[in-house]
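1. Structure for the following, please:
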Amino acid sequence: MSRLLLRTLGVVMTLYAATLLLVAQWTHHWPITAPSKLPKSDAIVCLGSGVNLHGRLTPMSRQRSLTCVDLYKAGIAPVIAFSGRVGDDAFTEVAVQMAVLAREAGVPESALVIEPASASTLQNALFTLPLLERKTHLTVVTDSFHLPRSWLSFKLAGAERITLYPSQMKGQHLPLSWRPLLRESLAIWFNALRWPLHWSLAKTGVAPPNWLLR
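-> Numbering: from 1, shown residues only. A predicted model of the protein is given here:
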């Protein structure tokens, strides 16, 4: 039994290491296209990355919001949908704070859509899509390490066409930070297990439990 356990652990660690390598590769080699060369879409979707211990936007959340502002000003889409919350009720939802930042940068109120309830990438997709009047083509903005999982989440939620855009500005890839890469490598496999379960429950009309959506 111990030998089987060791083999299983070895397989798991090998898969995780391979996943981490892939995540690191696409994080630092994802092409950054000039906004003027992007296709037009119905909406820009900005995924939140939380707040710091003081309740303020993290650098990643700020960067994502400002990238969406640049895309909006470049005429990529007529609206920006900000999605995400934090667990502590004492803090303002990350989506609300990102929208405030966009408003201060010159985006009009009429172009802002706020989804403040989601606590995961899958919830970002499931909760944001119903708020959009037009959603045939979405431009989804997040950090490059998060883009593939975001694409799959929005596809599973019913998005028809998705353009992925990294939140780093052109020519400004962020320095390597292993913590989000390590987390993302785990999240990919976690979601690979929960997505089929969520889909099967939805097909049978059973409401998925909250832990399955997080």
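2. what about the closest residue to F145 other than its chain neighbours, which helix or strand?
-> Excluding its sequence neighbours, the residue lying closest to F145 (CB to CB, 6 or more residues apart in numbering) is T27, at 4.1 Å. (Glycine included, C-beta is placed from N, CA and C.) Using DSSP states H and E, the secondary-structure element containing T27 is helix 2-29.
3. Which other helices and strands does that helix contact?
-> Packing partners of helix 2-29 (3 or more CB pairs under 8 Å, 6 or more residues apart in numbering; DSSP states H and E): helix 178-203.
4. which residues in the chain form strands?
-> 43-47, 80-83, 112-115, 137-142, 161-166 (DSSP state E).
5. quick one on the thing from earlier: surely the residue nearest to F145 meets S144?
-> Yes. With contacts counted by CB atoms under 8 Å, T27 reaches S144, the gap being 4.9 Å.
6. Report the set of residues contacting both of those two.
-> Common neighbours of T27 and S144, counting by CB atoms under 8 Å, 6 or more residues apart in numbering, are absent.
7. coming back round to it: give the full set of residues in contact with the residue nearest to F145.
-> With the criterion set at CB under 8 Å, 6+ apart, T27 makes contact with D143, S144, F145, L176, L181.
8. I'd guessed the second one sits against Q168; true?
-> The one in question is S144. Yes. S144 lies in contact with Q168 (CB under 8 Å); the separation is 6.7 Å.
9. isn't L20 right up against R183?
-> No. L20 is beyond contact range of R183, at 10.4 Å (criterion: CB under 8 Å).
10. Would you mind telling me which of the two has more residues around it?
-> L20 (17 against 13; other CB atoms under 10 Å).
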